[in-house]
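A.B. asks: Starting from these lines, generate the structure:
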Amino acid sequence: GPLNLLVDSTGIKFLGDGEWQARKHGVQGRRQWRKVHLAMDPATSDIRAAEFTPSRDGDSPVLPDLLGQIPAGEQIGTVTADGAYDTRRCHKAIVDRQGTAIIPIRRNGRLWKDDCPAARVRNETLRATRHYGRGFWKRWTGYHARSRIEAKMRCLKSFGERIMARDPDRQTAEIHIRLAIINRFNALGTAEIVRVA
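C.D. replies: So this is what the prediction gives:
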């Protein structure tokens, strides 16, 4: 069937003191972070796309690049992301790939001008959220599956809370090596969870 994607980002430190040292002695110098943006296939738990950006960059501008890493012949079913991706650019990128956006509308969200298919889909989501409530919308759409990519971020950080390289190209290579190892672990086998009772 079509590919369903879970999208999120996390920060990873590459310069500065560790948490224990900062708490014990105070922050000695400036900390620097980079952002890792991931798109995960929940069926296989594989990371299908990754981007690495400076910490000052937002989440939403990166989504079209993540979707661009998925082969054009592969159909995308849904893209599940948090409210940071509730932008015209993200909704348009998802609709252009014939996908369905499962993105909660921001708390102060308003109806968009109905001038494109992405705006119409987003306005329907806003109306459904207002009519049925946010909690019901999240259960109905399966939004809570997004917690799986947050767990995958924890797996990424289990290789270390920081990256060792200082050069941006080497930092990107280090993150891609970590992601390749995580995908290899998934290929070797994952636990099969069975409900009892």
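A.B. asks: CA atoms of stretch 129-139 as PDB?
C.D. replies: C-alpha atoms of stretch 129-139 as PDB (Å, rounded to 0.1, in the frame of the first residue of the first chain):
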ATOM      1  CA  THR A 129     -11.300  19.900  14.900                       C
ATOM      2  CA  ARG A 130     -13.700  22.700  15.900                       C
ATOM      3  CA  HIS A 131     -16.800  20.500  15.600                       C
ATOM      4  CA  TYR A 132     -15.600  17.300  17.200                       C
ATOM      5  CA  GLY A 133     -12.800  18.500  19.400                       C
ATOM      6  CA  ARG A 134      -9.100  18.100  19.200                       C
ATOM      7  CA  GLY A 135      -8.900  14.900  21.200                       C
ATOM      8  CA  PHE A 136     -11.500  13.100  19.100                       C
ATOM      9  CA  TRP A 137      -9.800  14.300  15.900                       C
ATOM     10  CA  LYS A 138      -6.500  12.900  17.100                       C
ATOM     11  CA  ARG A 139      -8.000   9.500  17.900                       C
END
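A.B. asks: Pull out the buried positions in it.
C.D. replies: 129, 137 (16 or more other CB atoms under 10 Å). (C-beta placed from N, C-alpha, C; glycine too.)
A.B. asks: mind checking how far it is from the chain centre?
C.D. replies: Stretch 129-139 has its C-alpha centroid displaced from the chain centroid by 22 Å (CA atoms, centre = their mean, to the nearest Å).
A.B. asks: Helix or strand: which one has the most centrally placed residue in the chain?
C.D. replies: Residue closest to the average C-alpha location in the chain (CA atoms, centre = their mean): Asp8, at 1.6 Å. In this structure, Asp8 is located in strand 3-15 according to DSSP states H and E.
A.B. asks: which strands and helices sit next to that strand?
C.D. replies: strand 32-41, strand 46-54, helix 63-68, strand 76-80, helix 147-157 (3 or more CB pairs under 8 Å, 6 or more residues apart in numbering; DSSP states H and E).
A.B. asks: If the residue nearest to the centre of the chain is in a bridge, with which residues?
C.D. replies: Counting by DSSP bridges, Asp8 forms beta bridges with Leu38.
A.B. asks: got a list of what it touches?
C.D. replies: By CB atoms under 8 Å, 6 or more residues apart in numbering, the contact list for Asp8 reads 37-38, 81-82, 146, 149-150, 153.
A.B. asks: Out of the residues you listed, who's the most crowded?
C.D. replies: Counting neighbours by other CB atoms under 10 Å, the top entry in the contacts of Asp8 is Ala81, with 26 neighbours.
A.B. asks: ok, for Ala81, nearest residue in space, not its chain neighbours?
C.D. replies: Nearest non-adjacent residue to Ala81, counting by CB to CB, 6 or more residues apart in numbering: Val7, 4.2 Å away.
A.B. asks: Next, count neighbours for Arg195.
C.D. replies: The number of residues near Arg195, taken as other CB under 10 Å, comes to 4.
A.B. asks: For Trp33, see how far away it is.
C.D. replies: Arg195 sits 39 Å away from Trp33, going by CB to CB, to the nearest Å.
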